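What shape does this take:
(4 chains)
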Number of protein chains: 2
Amino acid sequence: MKSHQELVDRLRQNGLRITPQRVAILEAITDKDGHITADEIFARINPLFPYVDISTVYRTLDYLTENGLLNVINLGTGRAEYELVSRPPHHHLVCRHCKQVISIDGELVQPLRDALLHQYGFAADIRHFAIFGLCRACREAEDRE
Amino acid sequence: MKSHQELVDRLRQNGLRITPQRVAILEAITDKDGHITADEIFARINPLFPYVDISTVYRTLDYLTENGLLNVINLGTGRAEYELVSRPPHHHLVCRHCKQVISIDGELVQPLRDALLHQYGFAADIRHFAIFGLCRACREAEDRE
DNA sequence: CTGAATGCAAACAATTTGCATTCAT
DNA sequence: ATGAATGCAAATTGTTTGCATTCAG
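Next up, the predicted model:
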């Protein structure tokens, strides 16, 4: 659980510009503490700062991603999800039936990462790992049919 | 390498309707032999059958997916990719820098699948596996900076 | 013949862009 | 003061939908 203040400090340290919009957006992200979409951020911010435009949200998300504060994840929902880089390593199991996203920790995936690195020279990004499939509940429901 | 004829036969067997559009779309998919996007299909078909509409392409892709002939993959490119279910199990390594997609075979991932199934009851879809990261070339280029 | 599939045009949703204005440094 | 960031409106891109017409079975 990182406060947005720490992140603002980090922006400042890197010589990046700090604007009220950026602070508000970081706040929305740290509040949610997980992955969040652009329009979710917009929805949270809008009541408090009605003048902030959705395009600013997108631009800021790009900016924060480029500067290493955020990761983008694409979970096949049709909209990009953003999360703090600082979150502990974990992965996403996306149920293709109920669309539920289960977070699991990074350990399980370590052997696979090693294998990919050795055999393909591919450095799997430990934070962009999305695994699609069927969760237990949906699998059981499907068997019952 | 599956001919589109086999697939048309399969449609027929399942009592699904066969139209010239559907045949053309299947043909485009088997020709490409890999993953393909809706507009790629459209681009291939259009010169030959100019009357085929992009909406028909999308509807057909949905239809073929629902009926188990195709898989949808979302590789974070902003557009959905489709591929034949009949392709041997494999996965996609997506380079977040050069956007290259590397296909690897299914073996490597087997241990992880087993672990997910046992520990989380999650049946990872062996065909929808997308792994994001940095390919060798881009990693080396980045180190050099 | 009958319902399913198509073409067309129009609607949508997510995201991006051009440009004049405002603001952080 | 100067270039970067913003708001606004409009454009783009990928995808979906309503509806009258056509076609496969």
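
so what secondary structure elements neighbour the helix or strand bottoming out on mean pLDDT in chain A?
Here the helix or strand of chain A ranked lowest by mean pLDDT, DSSP states H and E is strand A:123-134, holding a mean of 77. Taking 3 or more CB pairs under 8 Å, 6 or more residues apart in numbering or on different chains; DSSP states H and E as contact, the helices and strands that strand A:123-134 lies on are strand A:70-73, strand A:90-95, helix A:110-120, strand B:123-134. In short, each C-beta sits where N, CA and C put it, glycine included.

how about that strand, does it reach DNA strand C?
No. Judged by CB under 7 Å from any atom of the strand, strand A:123-134 stays clear of DNA strand C, getting no closer than 14.5 Å.

and the angle for that strand with strand A:90-95?
Using axes from the mean of the first three to the mean of the last three CA atoms, to 10 degrees, one finds that strand A:123-134 and strand A:90-95 are set 30 degrees apart in direction.

and after strand A:123-134, which helix or strand comes next?
Following strand A:123-134 in sequence order, the next helix or strand is helix A:136-144 (DSSP states H and E).

tell me which residues in stretch A:45-54 are buried?
By neighbour count, with 16 or more other CB atoms under 10 Å in any protein chain shown as the criterion, the buried positions of stretch A:45-54 are A:I45, A:V52.

I misspoke; the intended subject was stretch A:64-81.
A:L64, A:L69, A:L70, A:N71, A:V72, A:I73, A:N74, A:L75, A:G76, A:A80, A:E81.

Skip the chain neighbours and tell me the closest residue to A:E40.
In space, A:E40 comes closest to A:K32 once its chain neighbours are excluded; the distance is 7.2 Å by CB to CB, 6 or more residues apart in numbering or on different chains.

Surely the one you found and A:I45 touch.
No. Taking CB atoms under 8 Å as the definition, A:K32 is not a contact partner of A:I45, at 11.6 Å.

Name the residues of chain A found near DNA strand C, please.
Contact residues of chain A with respect to DNA strand C, defined by CB under 7 Å from any atom of the strand, are listed as A:12, A:17-20, A:37-39, A:54-55, A:58-59, A:62, A:78-80.

could you pick out which of these are near DNA strand D?
If you filter the residues of chain A next to DNA strand C for contact with DNA strand D, counting by CB under 7 Å from any atom of the strand, you are left with A:R17, A:T19, A:S55, A:R59, A:G78.

who wins for neighbours among these?
The most crowded member of these, judged by other CB atoms under 10 Å in any protein chain shown, is A:R59 (14 neighbours).

tally of neighbours for the closest residue to A:R79 other than its chain neighbours?
With CB to CB, 6+ apart as the criterion, A:R79 has its nearest non-adjacent residue at 4.8 Å, and that residue is A:T37. Here the neighbour count serves as a burial measure; for A:T37 (other CB under 10 Å) it reads 18.

A:T37: what's it in contact with?
A:T37 sits next to A:T77, A:R79, A:A80, A:E81, A:Y82 when contact means CB atoms under 8 Å, 6 or more residues apart in numbering or on different chains.

Pick out the lowest-pLDDT one from those residues.
The member of those with the lowest model confidence is A:T77, at 78 (criterion: pLDDT).

Isn't A:P20 up against A:F49?
Yes. In this structure, A:P20 is within contact of A:F49 by CB under 8 Å, at 7.2 Å.

overlap in contacts of the two?
Contacts common to A:P20 and A:F49, judged by CB under 8 Å, 6+ apart, are absent.

Who are the contact partners of the spatially closest residue to A:C95 that is not a sequence neighbour?
In space, not counting the residues next to it along the chain, A:C95 is nearest to A:C135; the distance is 4.0 Å by CB to CB, 6+ apart. By CB under 8 Å, 6+ apart, A:C135 lies in contact with A:L93, A:C95, A:H97, A:C98, A:Q100, A:I102, B:Y120, B:G121, B:F122.
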